[in-house]
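Undergrad: A structural model of the following input is requested.
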Amino acid sequence: MIDLLALEELPGYPGDPKREKPMRVLVDTNHRCAGNNLWSARLAAWVRANGHELVWEVEQAEVLLLNACGVTHEAQDHELALVEAYRRRLPGGSKIVVFGCLPGIAPERLRGVEAIGFAETARLEALLGGTVPLESLPAASAGAPIETLKTAKDGHLRAEGLLVDGWRSRLPFLLPSLLAYALPRVRSRLDRLLVELALGGRAHLEIGSGCSARCSYCLIRKAKGKVRSRSIETILHDLDTLPPEEPVALVADDCGSYGQDLGLDLVHLLEAIGKHRPGIALDLTYLNPAALLTLEARLFVALRSVRLRSAVIPLQSGSATVLKGMRRDYDPNEVLASLHRLRALHPETVLVSHLIIGFPGEGWREFFRSVATLPSYDFTAVFAYAPPGRASTHHPWDRCRVFGRLAFLTLVQNLWYSLRLLRG
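TA: Residues are numbered from 1 along each chain as shown. So this is what the prediction gives:
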């Protein structure tokens, strides 16, 4: 772990600024993404390692370094609104640098700012200067070292240490929140679930980046490219920098793709981690359901040596027809059966899914098949389909249809989560 307050121990850190005039840099990020959290922690550590000052107040910043999400048009709009909000408050002459997925996916939307993608870290190093390369820092971070500022419309909200992006993410929990005020047992269960969903209470450890899937709606490959796995030895080395008592989230664009470029797979990594630190509490930040089916037998054996706290296994749809159109290569019923077996072995594990509503070919029958998957997960994040590069479908009836389905699904989520929390 890089201690942001004690970076003098880093090799090559002389104790003096690396520039004649060190810069005051503010780092912000999309806190709902584990990868962004980890990258932003590394960026903040790198800023300090090179003699610059890390600040939290907008008015003090000479450079805004925003690690921006761009996987959906809605996310892009959110980040651009954040940029404009910062632009209004930053001192004159300040520089705005947008880093991460957004520059790789939609650079044409970033006018008047420095846009730097993941493959262009050399440009970032040249911009701020210094002698400590970004890649020399461990791809691991304990806790949540990045502070946040409430600056943009529908921006970040800090509440009891949890970071939640906007009011829409709270809609599925309106009824459970009301019950929590009256019933302490519901509050404790709800708090635990929200901590998991807000990426709280855990360290982050990158195991790789990129994705081998070719989903028709996804832009991750455009931003990150093909799978690039870190070696098991390097991962174990970075694991040793983290506090032994802290749960660790394994971060990748798809944990299920780990090792494909090394002749390995996720099971080999979990076996090594379990042998290196038996009983460690782990979170899988994203596991393609196809990998779950392929690795199931060996995966369940490997999980005996670790404690799986949570896993994001995004089904995306309960309809095989819709999944075929998405180019998602698995049978939803087989995935749900596998989740049932996983739940039997690890009943304490928090399982999270994603659903895309309004995808072409989704009728009411396909929609209700997606609704029927809710009980298999502890939480399901719901997204309205938008074609890559567009905000949404343009036909008014289609927009009304999708809105109606989202409203119905939110109602079902409130009822189901309330019942589940009451039953424990």
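
Undergrad: CA atoms for contacts and neighbours, from now on please.
TA: OK.

Undergrad: got the buried residues for stretch 241-252?
TA: By neighbour count on 16 or more other CA atoms under 10 Å, the buried set for stretch 241-252 is Leu242, Glu246, Pro247, Val248, Ala249, Leu250, Val251, Ala252.

Undergrad: give the contact list for Leu292.
TA: Listed by CA atoms under 8 Å, 6 or more residues apart in numbering, the contact partners of Leu292 are Gly256, Leu299, Val335, Ser338.

Undergrad: so for the first one, what's the pLDDT?
TA: Spelled out, that is Gly256. Here, the pLDDT recorded for Gly256 equals 96.

Undergrad: you'd agree it is up against Leu284?
TA: No - Gly256 is beyond contact range of Leu284, at 9.4 Å (criterion: CA atoms under 8 Å).

Undergrad: who's more crowded, those two?
TA: For the pair Gly256 and Leu284, the greater number of neighbours falls to Gly256 (24 against 20), based on other CA atoms under 10 Å.

Undergrad: list the contacts for the more buried one?
TA: In this structure, Gly256 makes contact with Asp265, Leu266, Tyr286, Leu287, Asn288, Ala291, Leu292, judged by CA under 8 Å, 6+ apart.

Undergrad: and those, which is closest to Phe367?
TA: Distance to Phe367 across the contacts of Gly256 (CA to CA) is lowest for Asn288, with 20.7 Å.

Undergrad: for that closest one, give its distance to Lys324.
TA: 15 Å (CA to CA, to the nearest Å).

Undergrad: and these two? Which one has more around it.
TA: A direct count of neighbours by other CA under 10 Å for Asn288 and Lys324 places Asn288 higher, at 21 against 14.

Undergrad: the more buried one against Ala252, yeah?
TA: No - if you go by CA under 8 Å, Asn288 and Ala252 don't touch, sitting 11.1 Å apart.

Undergrad: tell me the two of the buried residues of stretch 241-252 that are most distant?
TA: Spatially, the most separated pair among the buried residues of stretch 241-252 is Glu246 and Ala252, at 18.9 Å (CA to CA).

Undergrad: longest strand of this protein, counting residues only.
TA: Using DSSP state E to define each element, the chain has its longest strand at strand 350-357.

Undergrad: which residues are in contact with that one?
TA: Strand 350-357 is contacted from outside by 193, 196, 309-317, 367, 370, 377-385, 402, 405-406, using CA under 8 Å, 6+ apart.

Undergrad: domain ranges for the protein, per the record?
TA: Domain ranges of the chain: 7-141, 166-423, per automatic domain parsing.

Undergrad: chain center to the last one: distance?
TA: Average the C-alpha atoms of domain 166-423, do the same for its chain, and the two points are 10 Å apart (CA atoms, centre = their mean, to the nearest Å).

Undergrad: please apply the same query to the first one.
TA: Domain 7-141 sits 17 Å away from the centroid of its parent chain (CA atoms, centre = their mean).

Undergrad: and Gly143, what pLDDT?
TA: 64.

Undergrad: no, scratch that, I was asking about Cys400
TA: For Cys400, pLDDT reads 86.

Undergrad: cool, and His394?
TA: At His394, the model reports a pLDDT of 52.

Undergrad: what angle separates the longest helix along the chain from strand 350-357?
TA: Longest helix of the chain, by residue count under DSSP state H: helix 396-423. On the basis of axes from the mean of the first three to the mean of the last three CA atoms, to 10 degrees, helix 396-423 is oriented at 160 degrees to strand 350-357.

Undergrad: please shift the residue numbers so they start at 69 in all later answers.
TA: Will do, 69 is the new start, and the previous item becomes helix 464-491.

Undergrad: helices and strands around helix 464-491, which ones?
TA: Other elements packing on helix 464-491 under the criterion 3 or more CA pairs under 8 Å, 6 or more residues apart in numbering; DSSP states H and E are helix 242-250, helix 252-265, strand 418-425, strand 447-452.

Undergrad: where does Ala454 land on pLDDT?
TA: Here the pLDDT value assigned to Ala454 is 76.

Undergrad: can you tell me how far it is from Gly160?
TA: For Ala454, the distance to Gly160 equals 37 Å [CA to CA].

Undergrad: so between those two, which is more surrounded?
TA: Ala454 (20 against 10).

Undergrad: surely that one is in a helix?
TA: No - with DSSP: H, G, I helix; E, B strand; the rest coil as the criterion, Ala454 is coil rather than part of a helix.

Undergrad: tell me the secondary structure at Asp96.
TA: strand.

Undergrad: that one: neighbour count?
TA: 24.

Undergrad: run through the bridge partners of it.
TA: Beta bridges link Asp96 to Leu134, judged by DSSP bridges.

Undergrad: quick check, pLDDT for it.
TA: Listed pLDDT for Asp96 reads 85.

Undergrad: quick one: contacts for Gln294?
TA: Slight slip there: residue 294 is Lys, not Gln. By CA under 8 Å, 6+ apart, the residues touching Lys294 are Ser277, Gly278, Cys279, Ser280.

Undergrad: need the per-residue pLDDT for the residue lying closest to the second one once chain neighbours are set aside.
TA: In other words, Gly278. Nearest residue to Gly278, sequence neighbours excluded (CA to CA, 6 or more residues apart in numbering): Val295, at 4.2 Å. Reported pLDDT at Val295 in the predicted model: 94.

Undergrad: rewinding a little: most neighbours of all the contacts of Leu360, which one?
TA: Neighbour counts for the contacts of Leu360, by other CA under 10 Å, peak at Gly324, which reaches 24 neighbours.

Undergrad: give me the distance between that one and Leu337.
TA: As judged by CA to CA, Gly324 and Leu337 stand 11 Å apart.

Undergrad: show me where the protein has helices.
TA: Counting by DSSP H, the chain has helices at residues 102-117, 141-157, 169-173, 189-196, 242-250, 252-265, 288-292, 300-307, 334-344, 357-370, 388-394, 400-413, 432-439, 464-491.
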